[in-house]
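Participant: Turn this into a model:
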Amino acid sequence: MTDNASLDIRFTQFLLESKALKFGDFTLKSGRKSPYFINAGAFDDGRKIATLGAFYAEKIAVEIEAGNLPKDIDTVFGPAYKGIPLGVSTAIALTSAHGMEVGYTFDRKEKKDHGDGGMMVGTQLKDGMKVLLVDDVMTAGTAVREVIPKLKAEADVEVVGLVLSVDRMEKTKDSDLSAVKAVEAEFGFPVFAIANVREIFEAGRSILTDSGEPYVTDAIKAAADAYLERYGA
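Facilitator: Here you go, the predicted model:
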(Lines give C-alpha, C1' and ligand atoms only; values in the text may rest on other atoms or scores of the structure.)
Protein backbone atom coordinates (compact mmCIF):
# COMPACT_ATOMS: atom_id res chain seq x y z
CA MET A 1 0.00 0.00 0.00
CA THR A 2 1.60 3.28 -1.07
CA ASP A 3 1.81 6.48 0.97
CA ASN A 4 -0.47 8.04 -1.64
CA ALA A 5 -3.36 5.76 -0.60
CA SER A 6 -5.93 7.52 1.54
CA LEU A 7 -5.57 7.44 5.31
CA ASP A 8 -8.55 5.12 5.84
CA ILE A 9 -7.24 2.55 3.32
CA ARG A 10 -3.73 2.56 4.79
CA PHE A 11 -5.14 2.31 8.31
CA THR A 12 -7.41 -0.61 7.36
CA GLN A 13 -4.40 -2.38 5.80
CA PHE A 14 -2.47 -1.85 9.05
CA LEU A 15 -5.38 -3.16 11.17
CA LEU A 16 -5.56 -6.29 9.03
CA GLU A 17 -1.80 -6.88 9.00
CA SER A 18 -1.73 -6.48 12.79
CA LYS A 19 -4.65 -8.91 13.14
CA ALA A 20 -6.42 -6.18 15.11
CA LEU A 21 -9.38 -6.24 12.69
CA LYS A 22 -11.27 -9.46 12.05
CA PHE A 23 -14.29 -10.04 9.85
CA GLY A 24 -16.74 -12.81 10.69
CA ASP A 25 -19.45 -13.33 13.33
CA PHE A 26 -18.78 -11.89 16.79
CA THR A 27 -20.94 -11.29 19.87
CA LEU A 28 -20.02 -7.96 21.47
CA LYS A 29 -20.17 -7.04 25.15
CA SER A 30 -23.39 -5.16 24.35
CA GLY A 31 -24.96 -8.44 23.15
CA ARG A 32 -25.05 -7.24 19.54
CA LYS A 33 -23.86 -9.72 16.92
CA SER A 34 -21.30 -7.92 14.79
CA PRO A 35 -19.73 -8.87 11.43
CA TYR A 36 -16.41 -7.38 12.55
CA PHE A 37 -14.31 -7.07 15.68
CA ILE A 38 -11.45 -4.75 16.63
CA ASN A 39 -8.96 -5.99 19.21
CA ALA A 40 -6.78 -3.19 20.54
CA GLY A 41 -4.69 -5.80 22.39
CA ALA A 42 -3.20 -6.84 19.04
CA PHE A 43 -0.88 -3.80 19.06
CA ASP A 44 1.53 -5.72 21.23
CA ASP A 45 5.03 -4.76 20.11
CA GLY A 46 7.12 -1.67 19.48
CA ARG A 47 6.63 -1.57 15.72
CA LYS A 48 2.85 -1.87 15.88
CA ILE A 49 2.33 0.67 18.65
CA ALA A 50 4.75 3.12 16.95
CA THR A 51 2.84 2.74 13.68
CA LEU A 52 -0.47 3.21 15.48
CA GLY A 53 0.83 6.39 17.14
CA ALA A 54 1.94 7.65 13.72
CA PHE A 55 -1.59 7.16 12.35
CA TYR A 56 -3.07 9.11 15.29
CA ALA A 57 -0.52 11.88 14.77
CA GLU A 58 -1.28 12.02 11.03
CA LYS A 59 -5.01 12.38 11.73
CA ILE A 60 -4.34 15.09 14.32
CA ALA A 61 -2.11 16.98 11.87
CA VAL A 62 -4.85 16.78 9.20
CA GLU A 63 -7.41 18.25 11.62
CA ILE A 64 -5.01 21.00 12.75
CA GLU A 65 -4.44 21.90 9.09
CA ALA A 66 -8.21 21.99 8.55
CA GLY A 67 -8.65 24.33 11.53
CA ASN A 68 -10.58 21.77 13.59
CA LEU A 69 -7.92 21.42 16.28
CA PRO A 70 -5.56 24.08 17.68
CA LYS A 71 -1.86 24.07 16.81
CA ASP A 72 -0.82 24.69 20.42
CA ILE A 73 -1.94 21.45 22.10
CA ASP A 74 -0.15 21.16 25.45
CA THR A 75 -0.58 17.47 26.17
CA VAL A 76 -2.09 14.28 24.75
CA PHE A 77 -4.13 12.45 27.38
CA GLY A 78 -4.69 8.69 27.22
CA PRO A 79 -7.06 7.22 29.83
CA ALA A 80 -5.61 4.29 31.80
CA TYR A 81 -5.06 1.57 30.92
CA LYS A 82 -5.62 1.11 27.19
CA GLY A 83 -5.08 4.79 26.47
CA ILE A 84 -1.59 4.93 28.00
CA PRO A 85 0.38 3.53 25.01
CA LEU A 86 -1.86 5.53 22.66
CA GLY A 87 -1.06 8.81 24.40
CA VAL A 88 2.67 8.12 24.62
CA SER A 89 3.09 6.88 21.03
CA THR A 90 0.97 9.73 19.64
CA ALA A 91 3.02 12.36 21.51
CA ILE A 92 6.26 10.79 20.22
CA ALA A 93 4.96 10.77 16.63
CA LEU A 94 3.68 14.37 16.84
CA THR A 95 7.14 15.46 17.97
CA SER A 96 9.28 13.33 15.66
CA ALA A 97 7.20 13.48 12.49
CA HIS A 98 5.31 16.77 12.81
CA GLY A 99 7.66 19.00 14.83
CA MET A 100 5.14 19.61 17.63
CA GLU A 101 6.32 20.09 21.19
CA VAL A 102 3.63 18.26 23.09
CA GLY A 103 3.46 16.37 26.36
CA TYR A 104 1.67 13.17 27.33
CA THR A 105 -0.44 12.52 30.40
CA PHE A 106 -2.35 9.59 31.81
CA ASP A 107 -4.30 8.97 34.99
CA ARG A 108 -3.67 6.53 37.80
CA LYS A 109 -6.51 4.20 38.73
CA GLU A 110 -5.70 4.82 42.40
CA LYS A 111 -4.18 7.95 43.91
CA LYS A 112 -0.52 7.56 44.89
CA ASP A 113 0.21 8.74 48.43
CA HIS A 114 4.03 8.60 48.32
CA GLY A 115 6.82 9.91 46.08
CA ASP A 116 5.44 12.51 43.66
CA GLY A 117 1.88 11.47 44.57
CA GLY A 118 -1.15 12.66 42.67
CA MET A 119 -3.57 11.18 40.14
CA MET A 120 -1.67 12.05 36.95
CA VAL A 121 1.53 10.74 35.37
CA GLY A 122 3.55 12.61 32.74
CA THR A 123 2.92 16.26 31.92
CA GLN A 124 1.12 17.68 34.95
CA LEU A 125 -2.10 19.55 34.21
CA LYS A 126 -2.30 23.29 34.86
CA ASP A 127 -5.06 25.88 34.44
CA GLY A 128 -5.52 26.97 30.82
CA MET A 129 -3.78 23.96 29.26
CA LYS A 130 -5.16 22.56 25.99
CA VAL A 131 -5.64 18.82 26.33
CA LEU A 132 -6.33 16.40 23.48
CA LEU A 133 -7.83 13.02 24.41
CA VAL A 134 -7.00 9.79 22.57
CA ASP A 135 -8.80 6.47 22.89
CA ASP A 136 -9.33 3.36 20.78
CA VAL A 137 -12.96 2.56 19.94
CA MET A 138 -15.89 4.27 21.63
CA THR A 139 -19.07 2.25 22.10
CA ALA A 140 -21.00 4.24 24.69
CA GLY A 141 -18.65 7.07 25.74
CA THR A 142 -18.33 5.74 29.30
CA ALA A 143 -14.56 6.26 29.48
CA VAL A 144 -14.91 9.91 28.41
CA ARG A 145 -17.58 10.57 31.02
CA GLU A 146 -15.32 9.08 33.68
CA VAL A 147 -12.19 10.97 32.68
CA ILE A 148 -13.52 14.52 32.16
CA PRO A 149 -14.28 15.03 35.90
CA LYS A 150 -10.79 13.69 36.73
CA LEU A 151 -9.20 16.24 34.40
CA LYS A 152 -11.31 19.12 35.73
CA ALA A 153 -10.48 18.11 39.32
CA GLU A 154 -6.77 18.51 38.54
CA ALA A 155 -6.91 21.89 36.80
CA ASP A 156 -9.12 24.17 34.72
CA VAL A 157 -7.97 22.68 31.43
CA GLU A 158 -9.60 23.02 28.02
CA VAL A 159 -10.35 19.69 26.36
CA VAL A 160 -9.95 20.54 22.66
CA GLY A 161 -11.04 17.21 21.17
CA LEU A 162 -10.94 13.42 21.17
CA VAL A 163 -9.30 11.22 18.54
CA LEU A 164 -10.33 7.57 18.14
CA SER A 165 -8.96 4.80 15.98
CA VAL A 166 -12.37 3.71 14.65
CA ASP A 167 -15.86 5.23 14.73
CA ARG A 168 -18.30 2.30 14.87
CA MET A 169 -21.13 4.68 13.81
CA GLU A 170 -23.66 2.83 15.98
CA LYS A 171 -26.58 4.15 17.95
CA THR A 172 -26.16 4.12 21.70
CA LYS A 173 -28.64 1.97 23.63
CA ASP A 174 -30.69 4.94 24.83
CA SER A 175 -30.78 7.26 21.80
CA ASP A 176 -30.60 7.49 18.02
CA LEU A 177 -27.30 9.36 18.27
CA SER A 178 -23.98 7.59 17.79
CA ALA A 179 -21.63 7.55 20.78
CA VAL A 180 -19.45 10.07 18.93
CA LYS A 181 -22.33 12.51 18.32
CA ALA A 182 -23.63 12.03 21.88
CA VAL A 183 -20.23 12.93 23.37
CA GLU A 184 -19.87 15.94 21.05
CA ALA A 185 -23.31 17.18 22.10
CA GLU A 186 -22.70 16.59 25.80
CA PHE A 187 -19.20 18.03 26.15
CA GLY A 188 -18.92 20.49 23.26
CA PHE A 189 -15.63 19.31 21.80
CA PRO A 190 -15.15 17.56 18.44
CA VAL A 191 -14.53 13.82 18.11
CA PHE A 192 -12.48 12.48 15.20
CA ALA A 193 -11.64 8.95 14.06
CA ILE A 194 -8.78 7.78 11.86
CA ALA A 195 -11.42 5.78 9.97
CA ASN A 196 -15.08 4.94 10.36
CA VAL A 197 -16.59 1.50 9.94
CA ARG A 198 -18.09 2.27 6.52
CA GLU A 199 -14.67 3.37 5.23
CA ILE A 200 -13.10 0.21 6.68
CA PHE A 201 -15.60 -2.09 4.97
CA GLU A 202 -15.13 -0.22 1.71
CA ALA A 203 -11.34 -0.46 2.00
CA GLY A 204 -11.59 -4.15 2.86
CA ARG A 205 -13.23 -4.74 -0.53
CA SER A 206 -10.04 -3.68 -2.32
CA ILE A 207 -7.45 -5.18 0.06
CA LEU A 208 -6.66 -8.80 -0.79
CA THR A 209 -5.72 -11.76 1.38
CA ASP A 210 -2.67 -13.92 0.58
CA SER A 211 -4.97 -16.16 -1.49
CA GLY A 212 -6.05 -13.19 -3.64
CA GLU A 213 -9.57 -12.87 -2.21
CA PRO A 214 -10.83 -9.55 -0.81
CA TYR A 215 -10.95 -9.45 2.98
CA VAL A 216 -14.53 -8.19 2.73
CA THR A 217 -16.42 -10.71 0.64
CA ASP A 218 -19.93 -10.14 -0.73
CA ALA A 219 -21.32 -12.13 2.21
CA ILE A 220 -19.44 -10.06 4.81
CA LYS A 221 -20.45 -6.82 3.04
CA ALA A 222 -24.11 -7.93 3.10
CA ALA A 223 -23.82 -8.74 6.82
CA ALA A 224 -22.18 -5.36 7.47
CA ASP A 225 -24.90 -3.49 5.57
CA ALA A 226 -27.59 -5.36 7.54
CA TYR A 227 -25.83 -4.63 10.83
CA LEU A 228 -25.50 -0.91 10.12
CA GLU A 229 -29.09 -0.79 8.86
CA ARG A 230 -30.18 -2.11 12.24
CA TYR A 231 -27.75 -0.37 14.59
CA GLY A 232 -26.24 2.48 12.55
CA ALA A 233 -26.70 6.05 13.65
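Participant: Check the burial of F14 by counting its neighbours.
Facilitator: 19 (other CB atoms under 10 Å). Glycine gets a C-beta too; all of them are placed from N, C-alpha and C.
Participant: so how far is G87 from it?
Facilitator: Going from F14 to G87 by CB to CB, to the nearest Å gives 19 Å.
Participant: Tally up the residues packed near L21, please.
Facilitator: 22.
Participant: biggest helix in this structure by residues?
Facilitator: Using DSSP state H to define each element, the chain has its longest helix at helix 46-65.
Participant: helices or strands next to that helix in the packing?
Facilitator: If you count contacts as 3 or more CB pairs under 8 Å, 6 or more residues apart in numbering; DSSP states H and E, helix 46-65 packs onto helix 7-17, helix 83-98, strand 158-167, strand 191-196.
Participant: Buried ones in it, by neighbour count?
Facilitator: The neighbour-count check on helix 46-65 (16 or more other CB atoms under 10 Å) flags 48-49, 51-61, 63-64 as buried.
Participant: By mean pLDDT, which helix or strand of the protein comes out lowest?
Facilitator: strand 103-112 (a mean of 83; mean pLDDT, DSSP states H and E).
Participant: Run through who's touching the helix or strand just after that one.
Facilitator: Using DSSP states H and E, the helix or strand that directly follows strand 103-112 along the chain is strand 118-122. Contacts of strand 118-122 with the rest of the structure, by CB atoms under 8 Å, 6 or more residues apart in numbering, involve 75, 87, 103-108, 111-112, 124, 150, 153-154.
Participant: Check the offset of the following helix or strand past strand 118-122 from the chain's centre.
Facilitator: Scanning forward in sequence from strand 118-122 by DSSP H and E, the next helix or strand is strand 130-134. The chain centroid and the centroid of strand 130-134 are separated by 12 Å under CA atoms, centre = their mean, to the nearest Å.
Participant: what's whichever helix or strand comes after strand 130-134 packed up against?
Facilitator: Per DSSP H and E, the first helix or strand lying C-terminal to strand 130-134 is helix 142-154. Using 3+ CB pairs under 8 Å, 6+ apart as the contact test, the elements touching helix 142-154 are strand 118-122, strand 130-134, strand 158-167, helix 179-187.
Participant: ok, and what's touching helix 142-154?
Facilitator: 77, 79, 83, 107, 119-120, 124-125, 131, 133, 135, 138, 157, 159, 162, 183, 186-187.
Participant: so that helix versus helix 83-98, what angle?
Facilitator: 80 degrees (axes from the mean of the first three to the mean of the last three CA atoms, to 10 degrees).
Participant: Show me what counts as buried in helix 142-154.
Facilitator: Using 16+ other CB under 10 Å as the test for burial, helix 142-154 gives A143, V144, V147, I148, K150, L151, E154.
Participant: In JSON lines, list those along with distance to A226 and pLDDT.
Facilitator: As requested, the buried residues of helix 142-154 are exported to JSON lines (distance: CB to CB, whole Å; pLDDT from 0 to 100):
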{"residue": "A143", "distance to A226": "28", "pLDDT": "82"}
{"residue": "V144", "distance to A226": "29", "pLDDT": "88"}
{"residue": "V147", "distance to A226": "34", "pLDDT": "91"}
{"residue": "I148", "distance to A226": "35", "pLDDT": "94"}
{"residue": "K150", "distance to A226": "39", "pLDDT": "92"}
{"residue": "L151", "distance to A226": "39", "pLDDT": "95"}
{"residue": "E154", "distance to A226": "45", "pLDDT": "94"}
